[in-house]
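Student: sequence first, predicted model second:
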Amino acid sequence: YCHTQNSGCPLGNKIPEWNDLVFNGLWEEAYYRLTETNNFPEFTGRVCPAPCEGACVLGITEDPVTIKNVENTIIDTAFEKGWVKPTA
C-alpha cells in the first residue's frame, strides 16, 4: 500500500522498508532509506497529517503502526548521531 502515490504516503516514502530497518536496529540505514524519498523529514514528518496510518492494513484488526512517530524518531536520531550533514 505504501509504495504507491495513490494511497498511504503522498511522498511515496518506503515505509515498510524503513520500519523493518528500525525493527532490526538499523537506524542509520533507516535514515538513508527515509531520505531517498523525503528531502525534509524533520519538517514533513511533523506537519503531515499521516494518511499512511489510515492506510495501514494493520488498522483492520488493531491500532495501525504509528508511522509518524517512527519517522520523527528516525530523523531525531539522525540529528543526534550526526548523520545529517548540512549542504552548501
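Tutor: Structure's in. What do you need?
Student: buried set for stretch 70-88?
Tutor: By neighbour count with 16 or more other C-beta atoms under 10 Å, stretch 70-88 contains the buried residues 70-71, 74-75, 77-78. From N, CA and C alone the C-beta is placed, and that goes for glycine too.
Student: what about it, distance to the chain center?
Tutor: Its chain's C-alpha centre and that of stretch 70-88 lie 12 Å apart, by C-alpha atoms, centre = their mean, to the nearest Å.
Student: quick one: contacts of it?
Tutor: Contacts to stretch 70-88, defined as C-beta atoms under 8 Å, 6 or more residues apart in numbering, come from residues 13, 18-19, 22, 27-28, 30-32, 34, 41-42, 45-46.
Student: look up the closest residue to residue 14, ignoring the ones flanking it.
Tutor: The shortest distance from residue 14 to any non-neighbouring residue, by C-beta to C-beta, 6 or more residues apart in numbering, is to residue 33 (5.7 Å).
Student: how many neighbours does the one you found have?
Tutor: 21 (other C-beta atoms under 10 Å).
Student: ok, it touching residue 19?
Tutor: No. When contacts are counted by C-beta atoms under 8 Å, residue 33 is not listed as touching residue 19 (9.7 Å).
Student: packing partners of the helix or strand where residue 54 lies?
Tutor: For residue 54, the host element (DSSP states H and E) is helix 51-55. Packing partners of helix 51-55 (3 or more C-beta pairs under 8 Å, 6 or more residues apart in numbering; DSSP states H and E): helix 67-81.
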